[in-house]
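>>> Provided below are the primary sequence and the corresponding predicted coordinates.
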Amino acid sequence: MRIMNLLLGITLVFMAGCGPKTMYQWGSYETDLLKYCKHPESMPEFLEHLDKQITRSVERGKKVPPGLFAELGYIHYKAGDPKKASEHFTKEKENWPESAKLMDRMIEAAKSKKSFRRSEAL
Amino acid sequence: MKYLSLTSLSLLLALIGCVSQNKYDYEAFRKSSPQSILVVPVVNNTVEVLAGDLFLCTIPQPLAERGYYVFPVTLVKETLEDEGLNDAHLVHQADPTRLAEIFGADAVLYISIEQWTAKYVVVSTTVEVDFKYLLKDGKTGDTLWTHQQLAQYSTKQANSGNVFADLIAGAIIATLEKAFPEAKLLQLTRQANAQSVSALYTGVPLGPYSPEYGKDTKYYLEGPEGTE
């Protein structure tokens, strides 16, 4: 029995070792992103969920995963709120220095309230 | 004795599931040591129009969890469209160093979907996805990593001993899966991504944001296959 339990234990450890270990909390990000991809009219819902997910991460002292601040900023940008857009682009840049070039470009676009094809359609 | 052989089988399956003996040459990857990955729109070689966009939504998480900064996929896609690259084929043909330069990325990940199918035959279901991954250096355009991953699902023949019960159970499962094929396709996509990115010997080495960064070098060796 002991040998069997030991072997089972090793198996579980092996399988656990091969399973995913998450560094970040993603919540329903992927599901929301999928829905938004298929149904762009679900943008308000995506915005709300993304906002909640970010707030939750921050409250728990967890780092917000790559891209979330930027995606939220981009939605605000398309929805015609350049101030909030700029705030989120700045947060993405602060959290992820690799995003600096792209975020600087987006902050500039938001500040100059450059017209954007998609926001014109909304 | 029955339990011992079951345990041994589980252990063996766990090993097969997680370890591949094919080794790639990671010299270029080590030299490049990318910190950020730009995932560009996906080339879709299937008849399912939405497959590319759906796939794009599933890739940020496994790459970020591997320890890399991943550029926001929606923003990237629409920025490229603004640059006149409004078709994934055009993006894949473009110079990777130009793409990397636009975003400030260390590496560019190209994916193509070769298979995205769900087949229903009487009471059995077969779902299959097949993806090609190609990672290129943002400064030189050199290939850093390449992989192809297939993931399949088939319904098992139920065997309760009652033929009619088995047929009914099979029919119910097949009906549900036919009504919601996307759920299964996405599940397989996540599985394929996880297997591709995280596999020992053939996956993407841990990135700089991983707490274990640098500790996996023995699994991703430089030089020809089988040598150190």
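Sure, I can see it.
>>> low-confidence regions, the chain specifically.
Here I'm looking at chain A. Residue ranges of chain A with pLDDT under 70: A:1-21, A:114-122.
>>> my bad, the chain I had in mind was chain B
Ranges of chain B meeting pLDDT under 70: B:1-23, B:156-159, B:174, B:176-179, B:224-228.
>>> what segments of it are helices?
B:2-18, B:27-32, B:51-58, B:60-65, B:73-82, B:88-93, B:96-103, B:163-179, B:181-198 (DSSP state H).
>>> helices or strands next to the fifth one in the packing?
Counting by 3 or more C-beta pairs under 8 Å, 6 or more residues apart in numbering or on different chains; DSSP states H and E, the packing neighbours recorded for helix B:73-82 are helix A:29-38, helix A:68-78, helix A:100-111, strand B:36-39, helix B:51-58, helix B:96-103. (C-beta placed from N, C-alpha, C; glycine too.)
>>> of all these, which lies closest to B:G67?
strand B:36-39 (10.3 Å; C-beta to C-beta).
>>> pull that closest one out as PDB, backbone CA atoms only.
The C-alpha coordinates for strand B:36-39 follow below in PDB (Å, rounded to 0.1, in the frame of the first residue of the first chain):
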ATOM      1  CA  SER B  36       8.800  41.500 -25.300                       C
ATOM      2  CA  ILE B  37       6.800  39.600 -27.900                       C
ATOM      3  CA  LEU B  38       4.600  41.200 -30.600                       C
ATOM      4  CA  VAL B  39       1.900  38.800 -31.700                       C
END
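>>> helices or strands next to that strand in the packing?
helix B:60-65, strand B:69-70, helix B:73-82, helix B:96-103, strand B:107-121.
>>> let's see that with 7 Å instead.
Judged by 3 or more C-beta pairs under 7 Å, 6 or more residues apart in numbering or on different chains; DSSP states H and E, strand B:36-39 is in contact with strand B:69-70, helix B:73-82, helix B:96-103, strand B:107-121.
>>> could I get the ones you listed in CSV, plus columns for mean neighbour count?
Output for the helices and strands packed on strand B:36-39, formatted as CSV (neighbours: other C-beta atoms under 10 Å in any protein chain shown):
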stretch, mean neighbour count
strand B:69-70, 26
helix B:73-82, 20
helix B:96-103, 19
strand B:107-121, 19
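>>> now those in CSV, with distance to A:L34?
Conversion of the helices and strands packed on strand B:36-39 to CSV gives the following (distance: least, C-beta to C-beta, whole Å):
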stretch, distance to A:L34
strand B:69-70, 16
helix B:73-82, 11
helix B:96-103, 23
strand B:107-121, 14
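>>> in chain A, what residue is nearest chain B?
Minimum separation of chain A from chain B (C-beta to the nearest C-beta) falls at A:K101, amounting to 3.0 Å.
>>> double-check that residue against B:F103; I have them as touching.
Yes. Assessed by C-beta atoms under 7 Å, A:K101 is found in contact with B:F103 at 6.4 Å.
>>> using CSV, please lay out the helices and strands packed on helix B:73-82 together with distance to B:S124.
Formatted as CSV, the helices and strands packed on helix B:73-82 follow (distance: least, C-beta to C-beta, whole Å):
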stretch, distance to B:S124
helix A:29-38, 27
helix A:68-78, 39
helix A:100-111, 47
strand B:36-39, 34
helix B:51-58, 23
helix B:96-103, 42
